[in-house]
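Participant: give me a model of this one.
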Amino acid sequence: MRTDLQDVVDEAARLLQAPATLEDVDFTLVAFCAHPTDDDGDDGGAMDAVRARSILGRGSTPATRRWFEDLGIARAQGPVRTPADPAAGVLTRLLLPVRADGRLLGYLWLLDGGRTDPDDAGDPALAAAVALAARAGRLLAEREADDDPGAALAAVLTGTGAERDRAAAALAARPGPVALVALRPPRGAPAGRRPTAGAAVLPGGEVAVLVRLASPADLRPAAAAASAALARLPAGTSAGVSAAGPGAADLPARWAEARAAAAVAGLVPRLAPVAQWAELGGWRTAAALPAPDPAVAPLLAEPALATTAGAYLDAAGSVARTAAALGIHRQTLYYRLGRITALTGLDLADGDTRLLVHASLRRARLP
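Facilitator: Now for the predicted structure:
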């Protein structure tokens with residue numbers, strides 16, 4: 001892939017007859033090319049302090065990065081002319097932003113001496129160079145997926161279109177069963193950070209980890225990865241492990257399972273801090289619901305009664321166990337059960353009603 005990126009830079013330099021430099025979004029040097037007509041490798045005078053430092057230091061300095069970013073280059077969607085700064089020894093440049101599916105991945109710089117008009121839509125050489133910058137964006141996105149499985153995983157779970165498809169293809173290049181781990185920080189905790197190599201920090205602070213398995217029947221590596229990651233995250237973080245899947249094709253479904261398991265682990269002490277989808281029992285039914293049933297809405301508006309109903313159903317309708325769990329007298333429990341029926345019109349002695357109410361109450365506790 002590095003050869004392909006070098007080819008992009010060489011061709012851009014040839015098209016625009018100017019030394020070219022390709023840097024990633026962090027201003028790290030990816031490839032460069034001197035003026036193509038200079039057989040001896042000399043840039044023919046088209047070398048300034050910025051280009052020299054980039055080539056010799058394999059990237060630009062923080063001060064240089066700030067100077068160019070203050071010009072608004074990170075927002076550029078097409079060719080841009082950056083100004084010269086004679087006092088600092090900086091020459092004017094033609095900048096071609098390198099993007100993939102709208103996401104900025106780098107910059108293709110050309111020291112063209114100001115010859116090219118970035119607004120000239122009829123310039124065939126410029127149009128070809130813009131196409132090369134788009135190709136560089138695709139190549140950098142593929143390289144990102146290869147070098148950082150976490151970035152590829154994030155693209156599969158939250159990306160769209162071609163970016164998601166390329167990331168899925170990169171992850172699928174290594175066949176075999178996989179499981180996903182979801183790490184859910186407590187509400188109000190700082191934004192998530194990568195607790196392990198290959199993890200993906202997603203919007204909202206959730207962290208996803210792809211774990212490859214030797215056998216789809218053995219999820220112990222995934223559970224171990226979840227426990228190890230928890231040690232590096234804020235106290236109160238919960239974790240969930242999905243079922244095993246055949247590969248990258250069904251990662252969104254595995255992610256839904258892992259997220260549900262992590263949410264349940266944060267609610268049910270006996271399953272904390274790492275819950276597996278396979279052991280959630282009735283919580284899986286609740287997680288599959290898009291929302292609580294509307295018939296339960298009046299009950300959800302009365303937290304004390306909702307808690308009572310949940311405890312009663314968790315205890316399989318045992319008055320003795322429910323009263324003990326809530327620390328109330330049996331008569332108090334009977335009174336509350338009567339209020340629940342009067343409020344909702346639902347009879348908790350009916351099996352179908354119990355299933356509906358129980359699943360809805362649990363769904364209401366899930367995010």
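
Participant: which parts of the stretch 201-350 of the chain are strands?
Facilitator: Applying DSSP state E, counting those that start in this stretch to the stretch 201-350 of the chain gives strands spanning 207-212, 238-241, 274-276.

Participant: got a list of what Asp218 touches?
Facilitator: Asp218 makes contact with no residue, according to C-beta atoms under 8 Å, 6 or more residues apart in numbering. For every residue, glycine as well, the C-beta is placed using N, CA and C.

Participant: picking up where we left off before, ok, which of the strands of the stretch 201-350 of the chain comes nearest Gly59?
Facilitator: Distance to Gly59, taken as C-beta to C-beta, is lowest for strand 207-212 among those, at 28.3 Å.

Participant: coming back round to it: with mean pLDDT, distance to Leu105 and mean neighbour count as extra columns, can I get the strands of the stretch 201-350 of the chain in TSV?
Facilitator: Converted to TSV, the strands of the stretch 201-350 of the chain look like this (pLDDT from 0 to 100; distance: least, C-beta to C-beta, whole Å; neighbours: other C-beta atoms under 10 Å):
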stretch	mean pLDDT	distance to Leu105	mean neighbour count
strand 207-212	93	21	23
strand 238-241	97	31	28
strand 274-276	97	35	24
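
Participant: any chance of JSON lines for those, columns distance to Val201?
Facilitator: As requested, the strands of the stretch 201-350 of the chain are arranged in JSON lines below (distance: least, C-beta to C-beta, whole Å):
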{"stretch": "strand 207-212", "distance to Val201": "5"}
{"stretch": "strand 238-241", "distance to Val201": "15"}
{"stretch": "strand 274-276", "distance to Val201": "19"}
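
Participant: outline the domain layout of the chain.
Facilitator: 2-140, 178-285, 289-365 (automatic domain parsing).

Participant: hey, which of those is tucked in deepest?
Facilitator: Among the domains of the chain, domain 178-285 has the highest mean neighbour count (mean count of other C-beta atoms under 10 Å), at a mean of 19.

Participant: report the central residue of the protein.
Facilitator: Nearest to the geometric centre of the chain sits Ala154, at 3.1 Å (C-alpha atoms, centre = their mean).

Participant: low-scoring stretches of the stretch 201-350 of the chain, by residue?
Facilitator: The model of the stretch 201-350 of the chain has no residue with pLDDT under 70.

Participant: mind jotting down where the helices sit in it?
Facilitator: 220-230, 251-265, 282-288, 297-300, 303-314, 319-326, 330-344 (DSSP state H, counting those that start in this stretch).

Participant: quick one: closest of those to Ala121.
Facilitator: Nearest to Ala121 among the helices of the stretch 201-350 of the chain is helix 251-265; the distance by C-beta to C-beta comes to 39.4 Å.
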